[in-house]
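1. Sequence first, predicted model second:
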Amino acid sequence: MIISVASGKGGTGKTTVATNLAVSFGSGCTLLDCDVEEPNAHLFLHPHIDRSETVTTFVPVVDESRCSACRKCADICRFCAITVIGEKVLVFPELCHSCGGCQVVCPENAISDGQRELGVIEWGMGTGVPVIQGRIRVGEAMSPPLIRKVRAAADTEDQIIIDAPPGTSCPVIAAMRGADFILMVTEPTPFGLHDLKLAVGAVQMLGIPCGLVINRADMGDDRVRGYALAERLPILLEIPFDRKIAEAYSCGRMIVEVMPEWKEKFRELLQQIKVEILASSWRRKER
């Protein structure tokens with residue numbers, strides 16, 4: 001089972017939910033921190049990193065002695081990562097999306113494999129939970145390839161909880177695609193509702209069942225609950241605006257650590273997610 005914990009905006013408590021859920025799951029669960037631009041699950045799980053691996057991606061290298069300046073490589077590149085000016089071929093590695101099209105269409109076989117560093121993947125164990133996290137290279141703009149590498153590094157036999165990036169852009173889709181369930185974390189504010197609607201739209205396009213966790217649930221208004229009711233989105237857990245929880249968060253401690261009774265609530269959340277996955281599967285079969 002793969003659960004991707006996502007949110008339409010940053011600061012809703014997505015990492016709080018993901019880490020507490022992973023610890024409550026117990027053995028056989030792996031947390032993937034796919035928020036590679038700013039991974040922060042380690043602030044709560046404190047993993048001991050025992051292995052790391054540099055991740056690279058393809059960029060074209062042109063052999064000018066073989067190049068005929070036919071422009072086929074430039075014509076196929078949608079991102080203008082390779083272009084021809086006169087008899088000179090220019091490559092802009094930062095723009096390359098590593099599709100390899102330029103290499104395929106080159107009639108002179110003048111393009112060979114080069115590499116650009118994307119970042120690193122790190123493995124560790126924290127609070128009894130295996131943690132795999134990605135850290136993108138400073139200045140690198142393309143995070144989806146690194147996110148896919150982080151996901152591929154997990155043992156497929158484990159239960160996987162993904163801490164996804166915030167928002168609705170390509171990195172989020174890379175962290176959600178192929179998951180069994182999307183757990184959306186939101187807050188009952190106008191900004192929370194606005195960005196929740198965008199995120200739910202993206203999830204619906206992927207065709208993945210989802211449910212909500214409302215953080216700081218006793219502040220704001222009831223418009224998020226009304227939206228959830230109208231869209232038939234199950235509200236699976238509500239976390240109150242509690243000073244004890246806020247103090248724990250500010251100290252890098254988890255809810256289940258300072259308030260052990262919450263571990264059972266997160267376990268119940270897991271059971272509800274399993275029920276929602278089964279219900280979604282039955283609905284698809286009925287169609």
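-> It's in.
2. shouldn't Lys149 be in contact with Thr54?
-> No - Lys149 lies out of contact with Thr54 (CB atoms under 8 Å); the separation is 10.4 Å. All C-beta spots, glycine's among them, are computed from the backbone N, C-alpha and C.
3. ok, now how distant is Leu183 from Ile160?
-> Distance of Leu183 to Ile160, given as CB to CB, to the nearest Å: 12 Å.
4. Looking only at neighbour counts, state which of the two leads.
-> Comparing Leu183 with Ile160 by neighbour count (other CB atoms under 10 Å), the higher total belongs to Leu183, at 27 against 21.
5. Sketch out the low-pLDDT regions of this structure for me.
-> 287 (pLDDT under 70).
6. what domains does the record give for it?
-> Annotated domains of the chain cover 2-46+127-286, 57-117 [automatic domain parsing].
7. thinking again about what came up before, could you pull out the residues contacting both of Lys149 and Thr54?
-> Shared contacts of Lys149 and Thr54 (CB atoms under 8 Å, 6 or more residues apart in numbering): none.
8. Deepest-packed of the domains of the chain, please.
-> Across the domains of the chain, averaging neighbours per residue (mean count of other CB atoms under 10 Å) puts domain 2-46+127-286 on top, at a mean of 19.
9. Would you mind measuring from the residue nearest to Asn215 when sequence neighbours are not counted to Arg283?
-> Nearest residue to Asn215 in three dimensions, chain neighbours excluded: Gly13, at 3.7 Å (CB to CB, 6 or more residues apart in numbering). The gap separating Gly13 from Arg283 is 29 Å, by CB to CB.
10. what are the ranges of the strands in the stretch 101-250 of the chain?
-> Assigned by DSSP state E, counting those that start in this stretch, the strands in the stretch 101-250 of the chain fall at 111-126, 129-136, 159-163, 181-186, 210-215, 235-239.
11. what inclination does the longest one have with respect to strand 129-136?
-> I take that to be strand 111-126. Angle, strand 111-126 to strand 129-136, by axes from the mean of the first three to the mean of the last three CA atoms, to 10 degrees: 140 degrees.
12. Over to the third one?
-> The directions of strand 159-163 and strand 129-136 differ by 40 degrees, with the same axes, to 10 degrees as the criterion.
13. The fourth one too?
-> Calculated by the same axes, to 10 degrees, strand 181-186 forms an angle of 70 degrees with strand 129-136.
14. could you dump strand 181-186 to PDB, C-alpha only?
-> Extracted C-alpha coordinates of strand 181-186, given in PDB (Å, rounded to 0.1, in the frame of the first residue of the first chain):
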ATOM      1  CA  PHE A 181      -4.400   6.700  -1.700                       C
ATOM      2  CA  ILE A 182      -3.900  10.400  -1.400                       C
ATOM      3  CA  LEU A 183      -4.200  11.900   2.000                       C
ATOM      4  CA  MET A 184      -4.800  15.600   1.600                       C
ATOM      5  CA  VAL A 185      -3.900  17.800   4.600                       C
ATOM      6  CA  THR A 186      -5.700  21.100   4.800                       C
END
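15. Which neighbours in the sheet does it have, and how are they oriented?
-> Strands that pair with strand 181-186, judged by DSSP bridges, come out as strand 2-6 (parallel), strand 210-215 (parallel).
16. joint contacts of Leu183 and Ile160?
-> With CB under 8 Å, 6+ apart as the test, Leu183 and Ile160 both reach Ile3.
17. What is the lengthiest helix in the chain packed up against?
-> As assigned by DSSP state H, the longest helix anywhere in the chain is helix 261-286. Counting by 3 or more CB pairs under 8 Å, 6 or more residues apart in numbering; DSSP states H and E, the packing neighbours recorded for helix 261-286 are helix 14-25, strand 181-186, strand 210-215, strand 235-239, helix 255-258.
18. picking up where we left off before, so which of the strands paired with strand 181-186 is nearest Gly226?
-> Nearest to Gly226, of all the strands paired with strand 181-186, is strand 210-215, at 12.1 Å by CB to CB.
19. Residues contacting the closest one, please?
-> For strand 210-215, the external contacting residues (CB under 8 Å, 6+ apart) are 12-13, 16-17, 181-188, 196, 200, 203, 224-225, 228, 233-239, 269, 272-273, 276.
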